[in-house]
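[1] with the input below, show me the fold.
(chains A, B and C)
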Amino acid sequence: MVGGETVEVTIDEVEAYCGKDDPASHAFRGRTDRTAPMFGQPGTIYVYRSYGIHWCVNIVAGAEGVAQAVLIRGGLVTKGLATAVARRGRSDHVADGPGKLSQALAIDGSMSGSEVGIGDISLQLHAGQPIPYVTTPRIGISKAKERPWRFLTADR
DNA sequence: CAGCGGATCGCCT
DNA sequence: GGCGATCCGCTGC
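    Predicted coordinates:
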């Protein structure tokens, strides 16, 4: 991990995962040690490892015990670009994917279960202006493919 | 207790 | 556009 100034991104792509009603959700089969943060209160961070290599970040959005969360899939770096580039090891494709965004923000599994805005290495969320967006099916899943629960900015 | 599939990425063609 | 890397949790034997 590479330290440095605060990195800020404007999120432009997310997906919704809806607990027990959603076969594609890690929480679908109930609570395990790994998925316990998904069942926490809103604002809880759930980080999982993907393909044995990457870290992916979710923010719990539903009530405690419900396990509804938002996967942060991509964003544009608006501050701390040099730090983000150093962490990524390249100057392009800095945060345009869930694993890439996590690496740019120096988020890893040790943050799973903590809460937004709390901790030495904290993840802050700020509301932005409403913007046009489109919905599509979610990416890379094999179950519940028909649900249009991927949300991304319209201007791309 | 072993096998397998995955909410991905980067490099090669 | 296609494929190999890489490892952990869950499922099934």
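
[2] so the closest residue to A:S25 other than its chain neighbours, which state does it fall into?
    Spatially, and ignoring its direct neighbours in sequence, A:S25 is nearest to A:Y17 (4.1 Å; Cβ to Cβ, 6 or more residues apart in numbering). Backbone N, C-alpha and C define where each C-beta goes, glycine included. In three-state terms, and counting by DSSP: H, G, I helix; E, B strand; the rest coil, A:Y17 is strand.

[3] try A:R73
    Recorded secondary structure, A:R73: strand (three-state DSSP).

[4] ok, A:Q103 next?
    Going by three-state DSSP: A:Q103 is helix.

[5] residues touching it, list them.
    Residues in contact with A:Q103 (Cβ atoms under 8 Å, 6 or more residues apart in numbering) are A:54-55, A:87-88.

[6] quick one: it and DNA strand B, what's the gap?
    7 Å (Cβ to the nearest atom of the strand, to the nearest Å).

[7] show me what contacts the residue in chain A that DNA strand C sits nearest to?
    Relative to DNA strand C, the nearest point of chain A is A:G52 (2.4 Å; Cβ to the nearest atom of the strand). By Cβ under 8 Å, 6+ apart, A:G52 lies in contact with nothing.

[8] which SSE is it in?
    In the assignment (DSSP states H and E), A:G52 maps to no helix and no strand.

[9] for chain A, which residues are neighbours of DNA strand B?
    Neighbours of DNA strand B within chain A, by Cβ under 7 Å from any atom of the strand: A:15, A:17, A:24-27, A:38, A:46, A:48-54, A:56, A:58, A:69, A:71, A:88, A:90, A:93, A:97-101, A:103, A:138-143.

[10] among the residues you listed, which are located in strands?
    Among these, DSSP state E puts A:15, A:17, A:46, A:48-50, A:54, A:56, A:58, A:69, A:71 in strands.
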